[in-house]
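Mind looking at a prediction? Sequence and model below.
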Amino acid sequence: YSTSPTDLGLLLLSTLAAYDLGYIGVWDLSARLRDSFESMEQLETYQGHFLNWYDTRSLEPLAPRYVSTVDSGNLVACLRTLWQGCRTLPHQPVLRWQNWEGLLDTMSLLDEIVNELQVAGLKPALTSLQAYLAQIRHQVLSAQDNPDAWAALLNRLSGESWNELNQALMTLAEANAATVGTEALQRLSYIADRVQNHLYGMRREMEQLSPWLLSVMQLPELFAHPKLFPGIHNAWQALRDALPTAPDLEELGPVCKAGLARLAELQGQLDQDALHGSPEQRQEARDWCVHLAQKLESAAATADALLI
């Protein structure tokens, strides 16, 4: 339950490394760094220097109380490196392939456990599970160069595909508890939770920073018929063109502003073509626009907070 300035510096750098490797997103990175710095602000210092050892539970200094120039230097070096890494964040796309690589890394831990369970009687169940994991990996790798497909893939993996994978894991555990053993089942459950958390984290960040990607997968019927409702369709297409798949973080505010402007034009077109479509279709389209406007305003505020 002790930590030092060197430990604190390495904690900060490991958090940045977790982002670089795709294990966490930019929002999680910001939250973790903020929590770390807030805790560091509560630590007692001597003439601006951290003392060498602190209790991680109480944050009180540990005896003997002294300043280590070595540890202070290590912390300064880590902070300098962290600063340099954070400077690149505004130029990073809000959707990164590294997050998918982080998912594949986490899934590889499931593969390791499954490979360790190659015992008599389990082969049929394990073969089926391995095939399912291989299928998910293939879907992810196939979309590597196609960011436009990432939202639909993530929606599928965090929904239907995860439910199927979780059911396969539960079936394996329940039917073979005596053969597999408690320790292996606990590891299997833990890694499965990590895969689920990673998927949910990716989806949460997409909802926070590029919510239009999920909204367009639930398109109102009025927007999908260019021949029947050309004015509405053209306004919808202008909105879609204003919202790129993966803008950089520093571009997100202007993108959301442009999206809101095109969205207002779409809403105006809906009012102008008020006689087109059924009342239910028009209400569905209006509700969709209001919901997206709220999401865009929230995404712009989130981007501003991250760029402070």
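Right, received. Where do you want to start? Numbers count the residues shown, from 1 in each chain.

Tell me which stretches of the stretch 1-150 of the chain form strands.
Ranges of strands in the stretch 1-150 of the chain, per DSSP state E, counting those that start in this stretch, are 2-3, 45-46, 49-50, 54-55.

Switch those strands over to JSON lines; also include mean pLDDT.
Shown next, in JSON lines, are these (pLDDT from 0 to 100):
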{"stretch": "strand 2-3", "mean pLDDT": "97"}
{"stretch": "strand 45-46", "mean pLDDT": "96"}
{"stretch": "strand 49-50", "mean pLDDT": "96"}
{"stretch": "strand 54-55", "mean pLDDT": "98"}
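
quick one, which of those is nearest to Asn115?
With CB to CB, the closest approach to Asn115 among those belongs to strand 2-3: 36.3 Å. Quick note: C-beta positions are derived from backbone N, CA and C, even for glycine.

So which elements touch the closest one?
Contact partners of strand 2-3 among helices and strands, from 3 or more CB pairs under 8 Å, 6 or more residues apart in numbering; DSSP states H and E: strand 54-55.

before we move on, the earlier item: adding mean neighbour count, write the strands of the stretch 1-150 of the chain out as a markdown table.
Output for the strands of the stretch 1-150 of the chain, formatted as a markdown table (neighbours: other CB atoms under 10 Å):
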| stretch | mean neighbour count |
| --- | --- |
| strand 2-3 | 15 |
| strand 45-46 | 12 |
| strand 49-50 | 19 |
| strand 54-55 | 18 |
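
Redo those as a markdown table? Include distance to Pro211.
Below are those laid out as a markdown table (distance: least, CB to CB, whole Å):
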| stretch | distance to Pro211 |
| --- | --- |
| strand 2-3 | 38 |
| strand 45-46 | 42 |
| strand 49-50 | 41 |
| strand 54-55 | 41 |
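
Could you check the pLDDT of the closest residue in space to Tyr46 that isn't next to it in sequence?
Nearest residue to Tyr46, sequence neighbours excluded (CB to CB, 6 or more residues apart in numbering): Val67, at 5.5 Å. pLDDT, Val67: 97.

tally of neighbours for Val67?
15 (other CB atoms under 10 Å).

Same question for Pro5.
Pro5: 26 surrounding residues under other CB under 10 Å.

picking up where we left off before, and the residue nearest to Tyr46, how far is that from Gly9?
15 Å (CB to CB, to the nearest Å).

ok, now Ala17?
In terms of CB to CB, Ala17 sits 12 Å off from Gly9.

higher neighbour count, these two?
Between Ala17 and Gly9, counted using other CB under 10 Å, the more crowded position is Gly9 (23 against 13).

Need the CA coordinates for stretch 228-248. PDB is fine.
Provided in PDB are the C-alpha atoms of stretch 228-248 (Å, rounded to 0.1, in the frame of the first residue of the first chain):
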ATOM      1  CA  LEU A 228     -40.800   9.800 -53.300                       C
ATOM      2  CA  PHE A 229     -39.300  12.600 -51.200                       C
ATOM      3  CA  PRO A 230     -36.400  14.200 -53.100                       C
ATOM      4  CA  GLY A 231     -36.300  17.400 -51.100                       C
ATOM      5  CA  ILE A 232     -36.100  15.600 -47.800                       C
ATOM      6  CA  HIS A 233     -33.600  13.000 -49.200                       C
ATOM      7  CA  ASN A 234     -31.300  15.800 -50.600                       C
ATOM      8  CA  ALA A 235     -31.400  17.600 -47.200                       C
ATOM      9  CA  TRP A 236     -30.600  14.300 -45.500                       C
ATOM     10  CA  GLN A 237     -27.700  13.600 -47.800                       C
ATOM     11  CA  ALA A 238     -26.300  17.100 -47.200                       C
ATOM     12  CA  LEU A 239     -26.400  16.300 -43.500                       C
ATOM     13  CA  ARG A 240     -24.700  13.000 -44.000                       C
ATOM     14  CA  ASP A 241     -21.900  14.600 -46.100                       C
ATOM     15  CA  ALA A 242     -21.200  17.100 -43.300                       C
ATOM     16  CA  LEU A 243     -20.600  14.300 -40.800                       C
ATOM     17  CA  PRO A 244     -17.400  12.300 -41.600                       C
ATOM     18  CA  THR A 245     -16.700   8.900 -40.200                       C
ATOM     19  CA  ALA A 246     -13.600   9.700 -38.200                       C
ATOM     20  CA  PRO A 247     -12.700  13.300 -37.700                       C
ATOM     21  CA  ASP A 248      -9.800  14.300 -35.600                       C
END
